[in-house]
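Novice: My questions concern the predicted model and sequence given below.
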There are 2 protein chains.
Amino acid sequence: MSNIPKIVILGAGYGGILTAQRLQKELKYNEADVTLVNRHEYHYLTTHLHMPAAGTDTIENTRISISNLIDEFKIDLVKSSVQEIRPQERKIILEDGTLSYDYLIIALGGEPESFGIPGLAEHAMSIRSINSVRLIRKHIEYQFAQYKNERNAQERINFVVGGAGFSGIEFVAELADRIPKLCKEYDVDPNFVNIYNIEAASTALPGFAPELVEYAMDVLRRKGVTFKMGVAIKECTTEGVILATGEEIKAATVVWTGGIRGNRMIEAAGFETMRGRVKVDDQLHVPGHDNVFIIGDNALMFNSEGRPYPPTAQIAMQQGVCCAQNVVASIRNQQLRNFEFSNKGTVASLGKGEGVAVVGKKLMKGWSAAQLKKVVDMRYLYTIGGITLVLKKGRFL
Amino acid sequence: MSNIPKIVILGAGYGGILTAQRLQKELKYNEADVTLVNRHEYHYLTTHLHMPAAGTDTIENTRISISNLIDEFKIDLVKSSVQEIRPQERKIILEDGTLSYDYLIIALGGEPESFGIPGLAEHAMSIRSINSVRLIRKHIEYQFAQYKNERNAQERINFVVGGAGFSGIEFVAELADRIPKLCKEYDVDPNFVNIYNIEAASTALPGFAPELVEYAMDVLRRKGVTFKMGVAIKECTTEGVILATGEEIKAATVVWTGGIRGNRMIEAAGFETMRGRVKVDDQLHVPGHDNVFIIGDNALMFNSEGRPYPPTAQIAMQQGVCCAQNVVASIRNQQLRNFEFSNKGTVASLGKGEGVAVVGKKLMKGWSAAQLKKVVDMRYLYTIGGITLVLKKGRFL
């Protein structure tokens, strides 16, 4: 048995991959054992999932084999699903085994938050993984195929998207781009297809400049999207959704993008949580556990105005880098550093050639914002996989 | 109002298209008005439908715009669905209008024959049109997508094909070819997928030489197909099928290829029928109606041994040619000719590079039979659309 410290990273999303890559780079030979646990053998680009979900890009352009991203001579890769985290025993229960650790980095993804709306968990689909977006895509195509065999049942070509935040708007935009192609492929009159975007808040894209929100909604309205803002979904049924106003929208397809909560395993581990997320300290520790770090969807951090940062790829990646440094510092008994979020800006795509973005104080819209989105995606590929990965997966950009 | 005779052709399948094209060629200017009625604006290659159904070829390779096949200056094309045939009034009721005729050619397609098996009409899909095969294809893909989101529900990747006649065997072969690709696309282990081909008769491909039947079944077994011969399906449910032996096979996908019966509108027209088909006279007339012809799926004719010809593309095309000549002869008060079927042979494809065929007394199997199938398809394209169509649609060959 070696007595070098054992580091376990749970999850190979944005945060987990960045942590693994930085550990791989920083740690000296035999300084620590690193194990990366992930349910799938691939890493996927969460910020790109709205495209394969709508069918405007392929699954293969959205995922990357993890073995292309890490050096398996330096890091052990375990393909398994985490069942339980036991911080008292320093153990992880996997579906097919257990792992013990000295340092743990929890970089698991969150879960869709349904806010207790009845039927949502059962009847709505969500954009959260390769498997879930493949289901959405196939479900949509299947509705078109069914429509042509059922004497034109309208609910087959009514599409409801709940939530008009980033994921909701980006998905709605891609769906609106895909509909004309689906109509052509399935011989359906596009005039009969409806896309409803329903949001309880009074506006789309919360936190964005009103000017950009207006622009984005105009772009999408022109693509055929019907917005229902300031209206909550009261219930989701097998037939569609019922709104707080009492209005029923019949739709065989309901996609819920209304929110993310922490992974249920975090609560189950005995950590104190808010909506399933742990308010980590400045060094990304779970309070009271200086060998357990949480980054990404399950980490709750507040900005200087006391508002929580939304879970984004950007913050997860920065946390990953900081976390790796802090784990190395812990092993070496050095000073840990405090995490500080550096906002590089925000960009939402609105389908082909359209987008809105905020970079510093600069507002961008239209083609330039769409290009910026591509640059951000490309830069990420470069960060994790160098020029090889940009050339391989950059095709879609 | 013109007093030239009005000819109406119902259906633009193999028989209807051949009739229309021959009438277009034979009739002199102003000798008759010809109207071709079809539900879709396209003609499709029924003998090719098993490929887009399994997903091994595209829909677009399987259909041809009717306006590319007929001269719309000479023939009126009405895109509508026939609701009723009223021979006493010499009228056709369409879903959106009526048509009167002096001569009628009924070239409508048949309907799946479920032999009264409970649940089959409701829960099984069938290979009979572009819309129905598009549904099968999307249904299959959807099951794979669901499988990955439902913790591996086995019934999602069990596939039951009822019937081991031509359509059944050809579809099963394509499906077996597609499964490995689907497994790769959806990250499913091919060892978990099952294809069951169930047939009440004791053997597949009835009427074929036993040597070829054995060969075909061996090819398909090697591709992973499980045969259950001599076992009837007792019931089809939402969960799968129950066999006469009591065995239940759970499967979310059941495709029924067990038989074709005549179109229900034929019976409803008041004609005497057997399984919905009319025993036409030698000149292809409905007995007692010398201005009404039936060709293709709804025409019942017997060979010299008193056995009915199965409904095939080959016989429908030959009937179309004869029917057009007899309509022209009727108009000109000339002698009508008797239809005689000339058997050019039979070929069944068994997926990529495999097939079985009988031509005259010659038996063929393997690659040469597969090539023959392509030649037959190509020859058909040449017959209806010349070299242009061969070049355009011949890609799949």
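Specialist: Here it is on my side, so go on.
Novice: Residue A:25: which element?
Specialist: Assigning secondary structure by DSSP states H and E places residue A:25 in helix A:14-26.
Novice: and after that helix, which helix or strand comes next?
Specialist: Immediately after helix A:14-26, counting by DSSP H and E, sits strand A:33-38.
Novice: Apart from its chain neighbours, what residue comes closest to residue A:79?
Specialist: The shortest distance from residue A:79 to any non-neighbouring residue, by C-beta to C-beta, 6 or more residues apart in numbering or on different chains, is to residue A:41 (5.3 Å). The way it works is simple: take the backbone N, C-alpha and C, and place the C-beta from them, glycine included.
Novice: Give me the pLDDT for the one you found.
Specialist: pLDDT for residue A:41: 96.
Novice: residues touching it, list them.
Specialist: A:65, A:66, A:67, A:77, A:79 (C-beta atoms under 8 Å, 6 or more residues apart in numbering or on different chains).
Novice: Report how many residues lie close to the closest residue in space to residue A:126 that isn't next to it in sequence.
Specialist: Distances taken as C-beta to C-beta, 6+ apart place residue A:112 nearest to residue A:126, at 4.3 Å, with adjacent residues excluded. A count of nearby residues for residue A:112, using other C-beta atoms under 10 Å in any protein chain shown, gives 20.
Novice: Show me what from the stretch 151-300 of chain A comes close to chain B.
Specialist: A:185, A:186, A:187 (C-beta under 8 Å from any C-beta of the partner chain).
Novice: and residue A:245, how many neighbours?
Specialist: Using other C-beta under 10 Å, residue A:245 has 11 neighbouring residues.
Novice: Tell me which residues of stretch A:95-103 come out buried.
Specialist: A:99, A:101, A:102, A:103 (16 or more other C-beta atoms under 10 Å in any protein chain shown).
Novice: same thing with stretch A:337-349?
Specialist: Using 16+ other C-beta under 10 Å as the test for burial, stretch A:337-349 gives A:339, A:346, A:347, A:348, A:349.
Novice: contacts for stretch A:352-370?
Specialist: A:56, A:173, A:177, A:205, A:208-209, A:211-213, A:215-216, A:219, A:344-350, A:372-373.
Novice: Would you mind giving me the ChimeraX syntax to select the buried ones in those?
Specialist: Those of those that count as buried under 16+ other C-beta under 10 Å are selected in ChimeraX with:
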select /A:56,173,177,205,208,212,213,215,216,219,346,347,348,349,350,372,373
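Novice: that older thread, save the contacts of residue A:41 as a markdown table, and put in secondary structure too.
Specialist: Shown next, in a markdown table, are the contacts of residue A:41 (DSSP: H, G, I helix; E, B strand; the rest coil):
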| residue | secondary structure |
| --- | --- |
| A:65 | strand |
| A:66 | helix |
| A:67 | helix |
| A:77 | strand |
| A:79 | strand |
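Novice: Just the buried ones from those?
Specialist: A:66, A:77.
Novice: And the contacts of residue A:41, which is closest to residue B:4?
Specialist: residue A:65 (70.5 Å; C-beta to C-beta).
Novice: I'd like to know how far the closest one sits from residue B:120.
Specialist: Look at residue A:65 and residue B:120: by C-beta to C-beta, to the nearest Å, they are 44 Å apart.
Novice: Now do the strands in the stretch 1-150 of chain A.
Specialist: Assigned by DSSP state E, counting those that start in this stretch, the strands in the stretch 1-150 of chain A fall at A:6-10, A:33-38, A:42-44, A:63-65, A:75-79, A:82-86, A:91-94, A:97-100, A:103-106, A:111-112, A:125-126.
Novice: can you redo those as CSV with distance to residue B:289?
Specialist: Supplementary listing: the strands of the stretch 1-150 of chain A in CSV, determined by distance: least, C-beta to C-beta, whole Å:
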stretch, distance to residue B:289
strand A:6-10, 77
strand A:33-38, 72
strand A:42-44, 65
strand A:63-65, 64
strand A:75-79, 70
strand A:82-86, 73
strand A:91-94, 75
strand A:97-100, 77
strand A:103-106, 80
strand A:111-112, 64
strand A:125-126, 55
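Novice: Deepest in the core, which of the ones you listed is it.
Specialist: strand A:103-106 (a mean of 28; mean count of other C-beta atoms under 10 Å in any protein chain shown).
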